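> Model the following, please.
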Amino acid sequence: MAGSPALVMRLVASAFAVAERAGSIVRKVMHSGDLGIVEKTGASDLQTLADRLVQKSICASLSRRFPKITIIGEEDLPSEAVEEDLIESGQAGDILQKVCPAEYSDIREEELVVWVDPLDGTKEYTEAAVSLNGAAPHTWPPHTALGALRHGTALCLLDHVTVLIGIAYDGKAIAGVINQPFFNYQLGPGESLGRTLWGMLGLGAFGFELKEVPGGRRIITTTRSHSNKLVTDCVQAMEPHEVIKVGGAGNKIIQLVEGKASAYVFASPGCKKWDTCAPEALLHAVGGKLTDMRGRPYRYHADVKHMNSAGVLATLRDHQYYSSRVPESVLQGLPSD
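Numbers count the residues shown, from 1 in each chain. Next comes the predicted model:
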């Protein structure tokens, strides 16, 4: 490839490397046995040491290399020096070798907004930790081994945990990186933990095998822990053959692109822009679609409100069918913006 890679390709390559380091931080905190849990707005809205360290790592690493980009992270953290061992300066070489889509080749740093969810699925992360020892995480012995995570009945919750880095240009999610820190945990000793998926409009998506639900079955994935009547009514209106309740927006989009679900339905406020930017970019890169429950796209400008108030509807195929099945009562029950 002649010349230097386009700015956005360098940013995606950096985000990939940073996401890999973030995954290792998430595993390290789990291994330590001290999750450092604090309540943000209540017992159902938790923040762990992993949330804090990963956000610091991602924001500091990307802003050091790309000082003019806007970075918006989920966690409200004080401004402070970031330890050098949290900084990732590497880049994914295979991404740098790809040709940037022409419409993004001249983007400037100041035109990009990066949305960061350092630990999507925090609830599942903490619940899996408790299940490991049958006690509160702060009572874990410091020698707890990651190998122990490969056993137990509730540890499938680790599949729900992701790190999300979304890149937006002109208000549109154009690239996304999703790290699953505990991917392969169930396969036993000798298998490497974790994987990183990424996608970009005009290039496609990588790091997984794209599949569709066989036989045209309608399998709905929806919230595991934030349901209400609107959500339930909307899911049932889709006339699903099966409903899968899992945690994490990133995980739900992975369910779609790997053929485990045909639609992600969440007819409620709750999701934020950092939950959906990276997953939306990856989904759109393979021909899928993510909108609010009224079929309208979300925008990711630096000054937009963070809440996705009108819910989330995502599909790999047949978006119009699912959108047409949303009951009017559900639409009336949601905020209009």
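
> What's the separation between the closest residue to Ile95 other than its chain neighbours and Lys229?
Spatially, and ignoring its direct neighbours in sequence, Ile95 is nearest to Ala13 (4.0 Å; Cβ to Cβ, 6 or more residues apart in numbering). The way it works is simple: take the backbone N, C-alpha and C, and place the C-beta from them, glycine included. Applying Cβ to Cβ, to the nearest Å, one obtains 45 Å for the distance of Ala13 from Lys229.

> Those two: which is more packed in?
For Ala13 versus Lys229, neighbours defined as other Cβ atoms under 10 Å are more numerous around Ala13 (22 against 12).

> so what's the more buried one up against?
Counting by Cβ atoms under 8 Å, 6 or more residues apart in numbering, Ala13 touches 5, 91-93, 95-96.

> Can you list the residue ranges for helices in the stretch 1-150 of the chain?
7-32, 49-65, 93-96, 122-133 (DSSP state H, counting those that start in this stretch).

> And the last one, what's buried?
Going back to what we said before, that points to helix 122-133. Residues 122-132 are the ones in helix 122-133 that count as buried (16 or more other Cβ atoms under 10 Å).

> what packs against the helix or strand following it?
As assigned by DSSP states H and E, the chain's next helix or strand after helix 122-133 is strand 162-169. Applying 3 or more Cβ pairs under 8 Å, 6 or more residues apart in numbering; DSSP states H and E, one finds that strand 162-169 contacts helix 7-32, helix 49-65, strand 112-120, strand 172-180, helix 249-257, helix 273-285.

> Tell me the helices and strands packed up against the second one.
Think helix 49-65. Contact analysis of helix 49-65 by 3+ Cβ pairs under 8 Å, 6+ apart lists helix 7-32, strand 70-73, strand 112-120, strand 162-169 as its packing neighbours.

> Provide the contact partners of that helix at residue level.
The list of residues contacting helix 49-65 from outside it, by Cβ under 8 Å, 6+ apart, reads 10-11, 14-15, 18-19, 21-22, 25-26, 29-30, 34-37, 69, 71, 73-75, 77, 82, 86-89, 114, 116, 118-119, 122, 125, 163, 165.

> Buried residues, it. List them.
When neighbours are counted by 16+ other Cβ under 10 Å, the buried residues of helix 49-65 are found to be 49-62, 65.

> and the contacts of Ala13 as a markdown table, adding distance to Pro335 and pLDDT?
As requested, the contacts of Ala13 are exported to a markdown table (distance: Cβ to Cβ, whole Å; pLDDT from 0 to 100):
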| residue | distance to Pro335 | pLDDT |
| --- | --- | --- |
| Pro5 | 41 | 96 |
| Gln91 | 40 | 98 |
| Ala92 | 39 | 98 |
| Gly93 | 44 | 97 |
| Ile95 | 38 | 98 |
| Leu96 | 42 | 98 |
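
> What is the most widely separated pair among those residues?
Of all pairs drawn from the contacts of Ala13, the widest gap by Cβ to Cβ lies between Pro5 and Ala92 and measures 11.0 Å.
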